[in-house]
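[1] any chance you could fold what I've pasted below:
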Amino acid sequence: MIDFIMTNLPIIVCFVLGIGLLIMEALMPGFGIAGFSGIALEVVALVLTWQQHGTMATLGMLLIVLSVLAIAISTSLHSLTKGKLSKSSIVNSHTESTDAGYRSAENMQVFLGREGTATTALRPTGLGEFDGVRLNVVSEGDFIENGTKIRVTQIEGSRIVVKKV
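    Numbers count the residues shown, from 1 in each chain. Now for the predicted structure:
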């Protein structure tokens with residue numbers, strides 16, 4: 001038994017590490033280094049098996065490797081379509097529109113023309129408070145000191161432009 005393990009140790013190590021890397025790539029889709037390394041180790045294990053044990057042992061091992069690859073690919077595809085990746089802003093940027101009720105920022109148009117107070121110095125960005133609501137604001141280029149009265153003059157998406165009153 002010890003002779004068998006020692007003779008086949010490189011095959012066993014390559015096979016187990018390759019399967020582990022493929023499973024890791026399936027569960028944590030990322031850059032692909034783990035997946036490519038796993039495939040390379042499996043190829044090495046198959047070649048070593050073929051050299052030492054012949055075609056039938058290699059075909060049996062190939063069947064196991066292909067089964068693991070099929071499971072890894074199906075898990076990755078499932079993660080892309082129904083997992084956390086399917087809900088990312090990159091994936092949804094073209095599919096979710098404001099008409100369907102999706103929005104990236106609240107509608108800030110209600111603050112247009114309102115007066116408030118700069119709660120931090122605006123150089124040109126900082127915080128302003130309008131009717132008890134603190135917002136990130138941008139001055140029209142001027143330095144505005146903390147505590148100065150400000151008015152919202154323009155809103156572009158989530159960018160709120162203010163000027164000194």
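
[2] burial measure for residue 10, as a count.
    14 (other Cβ atoms under 10 Å). C-beta: built from backbone N, CA, C; applies to glycine.

[3] need the contact list for it.
    residue 48 (Cβ atoms under 8 Å, 6 or more residues apart in numbering).

[4] quick one: the strands in this structure?
    In the chain, the strands defined using DSSP state E lie at 115-118, 125-130, 133-139, 149-156, 159-164.

[5] include mean neighbour count and distance to residue 22 when you put these into TSV, please.
    Listed next are these as TSV, based on neighbours: other Cβ atoms under 10 Å; distance: least, Cβ to Cβ, whole Å:
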stretch	mean neighbour count	distance to residue 22
strand 115-118	18	56
strand 125-130	19	47
strand 133-139	17	45
strand 149-156	16	48
strand 159-164	18	46
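
[6] distance of the residue nearest to residue 21 when sequence neighbours are not counted from residue 48?
    Of all residues not flanking residue 21 in the chain, residue 38 sits nearest, at 3.2 Å (Cβ to Cβ, 6 or more residues apart in numbering). To residue 48, residue 38 is 16 Å away according to Cβ to Cβ, to the nearest Å.
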